[in-house]
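> Below are the sequence and a predicted model; questions follow.
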Amino acid sequence: MKAFLLAAGLGTRLRPITDNIPKCLVPINGKPLLYYWLHSFERYGIDQVLINMHHFPELILNYVNQANFGLDIVTVYEQELLGSAGTIRNNMDFVNDNEPFLICYSDNLTNVNLPAMIQFHNSHNNIFTLGLFHTLNPTECGIAEVDGQNTVTDFVEKPKEPKNNLAGAGVYVTEPTILDYLPEQHPADLGYDVLPKLIGRMSGFYIKDYFRDIGTIESYNRACEEVHGIEF
């Protein structure tokens, strides 16, 4: 199976840590955040990965080239940020085999059971499966509503008045037909420009495993404290 690992962000909320390294290489328990994703992909048989880069791409390339993972890793440099949806659209030739694939945001730390999520996706007749978790900061996330059949009935990115705290986790499973919903203009964002179009065609998968968005200094510090004793 294939995965997009989105790693091109500037990490502005993690400054000054990201003044000299990309966000995907911030250290957690002595290992870069990117390690945990590649380790998880290798563990669960996700054997082909595309990583997009923009901020300090040479450091990402150095790590990927030196790391010893049994993965086929493709790196793509974006001179100008394309946005999450733009990256997927611009690299759809990576997933042209009509099989479902993963989209993962590298600025999350999680040990989510990817095979369970993939199985869930395959058992539901929807184009997209949205990983979900409960957030303490719903105005900073994409907030979803889900019905009794696990179908997403509403999705709003960073709402001013959130209806609940059930947030999109930046871990998705989708089909190549997602291309039909991706805007042609760049930059384009999945949360703002694509997921609202998929209401009623998108399933919600509740992540019961460890999940932490490494978006701020506070959340990064909490992840560094929490990681001890958790199996990745």
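That came in fine, so what should we check first? Numbering: from 1, shown residues only.

> Quick check: phi and psi at the residue located most distally from the centre of the chain.
Within the chain, the residue lying farthest from the chain centre (Cα atoms, centre = their mean) is residue 148, at 24.9 Å. Per-residue torsions, residue 148: phi -70, psi -10 (degrees, to the nearest 10).

> Check what pLDDT it gets.
The model reports residue 148 with a pLDDT of 93.

> where's it relative to residue 138, distance?
The gap separating residue 148 from residue 138 is 22 Å, by Cβ to Cβ, to the nearest Å. Heads up, the C-betas are built off the backbone N, CA and C, glycines and all.

> One more: residue 5?
Distance of residue 5 to residue 138, given as Cβ to Cβ: 25 Å.

> cool, residue 87 as well?
According to Cβ to Cβ, residue 87 stands 25 Å off from residue 138.

> higher neighbour count, those two?
residue 87 (25 against 19; other Cβ atoms under 10 Å).

> For residue 4, what is the enclosing helix or strand?
strand 2-6 (DSSP states H and E).

> Not counting that strand itself, show me its contacts.
Residues from elsewhere that reach strand 2-6, judged by Cβ atoms under 8 Å, 6 or more residues apart in numbering: 24, 34, 37, 41, 46-52, 84, 87-88, 91, 94-95, 99, 101-106, 170.

> Report the backbone C-alpha coordinates of it in PDB.
These are the backbone C-alpha positions of strand 2-6, laid out as PDB (Å, rounded to 0.1, in the frame of the first residue of the first chain):
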ATOM      1  CA  LYS A   2       1.100   3.600  -0.600                       C
ATOM      2  CA  ALA A   3       1.000   6.700   1.600                       C
ATOM      3  CA  PHE A   4       1.500  10.400   1.200                       C
ATOM      4  CA  LEU A   5       3.400  11.900   4.100                       C
ATOM      5  CA  LEU A   6       2.900  15.600   4.100                       C
END
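
> right, and the helix or strand after it?
Per DSSP H and E, the first helix or strand lying C-terminal to strand 2-6 is strand 27-28.

> now for that next one, which elements pack on it?
helix 217-226 (3 or more Cβ pairs under 8 Å, 6 or more residues apart in numbering; DSSP states H and E).

> what's the pLDDT at the closest residue to residue 13 other than its chain neighbours?
Closest residue to residue 13 apart from its sequence neighbours, by Cβ to Cβ, 6 or more residues apart in numbering: residue 216 at 4.9 Å. On pLDDT, residue 216 comes in at 88.

> Check residue 18 too.
So, for residue 18, pLDDT stands at 85.

> cool, residue 186 as well?
87.

> you'd agree it is up against residue 84?
No - at 11.1 Å, residue 186 does not count as touching residue 84 under the criterion of Cβ atoms under 8 Å.

> Looking at those two, which one has more neighbours?
residue 84 (26 against 15).

> For my notes, confirm the more buried one occurs in a strand.
No - with DSSP: H, G, I helix; E, B strand; the rest coil as the criterion, residue 84 is located in helix rather than a strand.
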